[in-house]
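> build the 3D model from these lines:
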Amino acid sequence: MQSPRTKIKDALTLRPGDAGAENLRIKGWLRSLRDSKQVVFMTVNDGSCFASLQAVLGPEVEGLELLRKLGTGAAVELEGDLVDSPAKGQSVELKVKRGALIGDAGSDYPLQKKRHGFEFLRDIAHLRVRTNTFGAVFRVRSVLAQAVHEFFAQRGFVYVHTPIITASDCEGAGEMFRVTTLDDANPPRETGGAVDYKQDFFARPAYLTVSGQLNGESFALGLGDIYTFGPTFRAENSNTSRHAAEFWMIEPEMAFCDLDDDCDLAEAFVKHCLSAVLERSAEDLAFFNQRIDKGLIDRLEKVVASDFARVDYGEAVERLEKSGKKFEYPVHWGANLQAEHERWLTEEAFGRPTFVVNYPKAIKAFYMRRNDDGRTVAAMDLLVPKIGELIGGSQREERLDVLTAAIEELPHATVEDYAWYLDTRRFGSVPHAGFGLGFERLVMYATGMENIRDVIPFPRTPRNAAF
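Numbering: from 1, shown residues only. A predicted model of the protein is given here:
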């Protein structure tokens, strides 16, 4: 009877003589093969961890002549005993007794033993996960996703699945992907020539969601504390390193909460997620710290240990104006803060993560609670060193008349479009708050990767929907 497969991550915790160290069977992909005539050295990785396992095949191994001809990328099964390794940088290696080819890889396999540029690897996104960098990225992404659910479960939040297809534009900006079953070459039309959406699948215009927030609010106003964690879509023609057309959002909503409570939860959430990565992804973070972003681990540890600062938007602008620093984008009250402003606040003014609160209402979304000063809303952005904004949130406008007036000002929607949303203010409205965090931005921050295309498995960006 064959021994069960052992993942390389587990094999590397064993030492010669340990239970399970003999007749150990691994399966993985060749990273390299070196043939010294008498002995063949294979480096095998199975994706379970950053490290690979060196396997040594002597002339006694059956099928050696076939195995020694394999190239990078081939999938193999190897069985043998763990022994002490004389090689530098590894404590053990596998002395192979039996070996077999599972799946060959030809000489045109694009991931040969050399360093490849990220731009090239985006063109082969279906294979890049086999590289050191992207294997590490997606293991960290997995750890972070599990940490998200842990955090909210520990606090009694209910996980809610909000719709992917919606008729509501949460942000009120109109940058949405349309969903239709109509014939795009010959759609049915009304008498005046407009497309007759009554004949469409949903009998009205429908879109891919830009946020689960509005639906999440309705559930919070019944369940108390809820969160969503799912894909969202923006039809924004942006080609920056921080924007994608499809990305994942984490959006908690809490009833009976104000802006201060919102900031408290966001701070605890970020610290929990980064602590989980520091604890569970040490090997992958060490690689990122060495090859991608020197100082990464120190920065993450400082964020976890910091008490986050809080500053009013007006004071933040005043500090920026008096900083003496020449910014590319001039700053003034009423302006959106740019990444350079956000980084200066966290890296120089406060030296730690910083919440900026109470933004001008003209630059924020319609659902944010109007402050008594008549010109600001109870909004917050969490800024962190190096990247700037990580989280955006607010206390939601719970007053029916004020929210109705805000919707009436929207250029792309009407009060009728949001009738169901207004019902939540009509029947038992309470103060409530929430925030949104783009998951990919969190992965970027935890890994030091600088392009959103490199932290999501198959990126969707303008003119790119491959794979």
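> convert stretch 146-164 to CSV, retaining C-alpha atoms only.
Extracted in CSV, the C-alpha atoms of stretch 146-164 (Å, rounded to 0.1, in the frame of the first residue of the first chain):
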residue,chain,number,x,y,z
GLN,A,146,-9.6,33.8,6.2
ALA,A,147,-8.6,36.6,8.7
VAL,A,148,-11.4,38.8,7.4
HIS,A,149,-14.0,36.1,8.2
GLU,A,150,-12.3,35.3,11.6
PHE,A,151,-12.4,39.0,12.7
PHE,A,152,-16.1,39.5,12.0
ALA,A,153,-17.1,36.0,13.3
GLN,A,154,-15.3,36.7,16.6
ARG,A,155,-17.4,39.9,17.0
GLY,A,156,-20.8,38.3,16.2
PHE,A,157,-21.3,39.8,12.7
VAL,A,158,-23.6,38.1,10.3
TYR,A,159,-22.1,37.4,6.9
VAL,A,160,-24.5,38.6,4.2
HIS,A,161,-24.3,37.8,0.4
THR,A,162,-25.5,41.0,-1.4
PRO,A,163,-26.5,40.9,-5.1
ILE,A,164,-24.0,41.0,-7.9
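> chain center to it, what's the gap?
Stretch 146-164 sits 15 Å away from the centroid of its parent chain (CA atoms, centre = their mean, to the nearest Å).
> next one: stretch 50-62
Centroid separation for stretch 50-62 versus its chain: 36 Å, with CA atoms, centre = their mean.
> can you mark which positions in that stretch are buried?
Within stretch 50-62, the residues scored as buried using 16 or more other CB atoms under 10 Å are 50-57, 61. Using the backbone N, CA and C atoms, a C-beta is placed for each residue, glycine as well.
> next, the distance between the ends of that stretch.
Taking CA to CA, to the nearest Å, stretch 50-62 runs 29 Å from one end to the other.
> use 53 as the first number from now on
I'll keep to 53 as the first residue from here, and by that count the last item is stretch 102-114.
> so what touches it?
Stretch 102-114 is contacted from outside by 60-61, 63-64, 78, 80, 83, 90-97, 116, 119-120, 130, 132, 137, 139, 142, 145-151, 184, 187-188, 191, 335-336, 339, using CB atoms under 8 Å, 6 or more residues apart in numbering.
> mean confidence for that stretch?
Mean pLDDT, computed over stretch 102-114, is 95.
> for F281, give the beta-bridge partners.
Beta bridges link F281 to I302, judged by DSSP bridges.
> any idea how many residues pack against it?
20 (other CB atoms under 10 Å).
> relative to F321, how far out is it?
From F281 over to F321 the distance is 12 Å, taken as CB to CB, to the nearest Å.
> for G445, which three-state class applies?
Three-state call for G445 (DSSP: H, G, I helix; E, B strand; the rest coil): strand.
> which residues does the residue nearest to it when sequence neighbours are not counted contact?
Spatial nearest neighbour of G445, chain neighbours left out: F487 (2.6 Å); criterion: CB to CB, 6 or more residues apart in numbering. Taking CB under 8 Å, 6+ apart, we find F487 in contact with 303-304, 314, 317-318, 432, 434, 443-446.
> please pick the buried ones from the residues you listed.
Buried residues within these, counting neighbours by 16+ other CB under 10 Å: 303-304, 314, 317-318, 432, 434, 443-446.
> list just the nearest of those to G376.
Nearest to G376, judged by CB to CB, of the buried ones among the contacts of F487 is L434 at 25.7 Å.
> part of a helix, is D316?
Yes - remark: D316 belongs to a helix, assigned using three-state DSSP.
> quick check, pLDDT for it.
Reading off the confidence values, D316 has pLDDT 98.
> quick one: it and G347, what's the gap?
According to CB to CB, D316 stands 28 Å off from G347.
> before we move on, what about L337?
12 Å.
> neighbour-wise, which of the two wins?
L337 (23 against 12).
> any idea which element that one lies in?
Counting by DSSP states H and E, the element that carries L337 is helix 334-339.
> show me what counts as buried in that helix.
Neighbour counts over helix 334-339 (16+ other CB under 10 Å) mark 336-337, 339 as buried.
> quick check: mean pLDDT across the helix or strand just after it?
With elements assigned by DSSP H and E, the helix or strand that comes after helix 334-339 is helix 348-357. The average of the pLDDT scores along helix 348-357 is 97.
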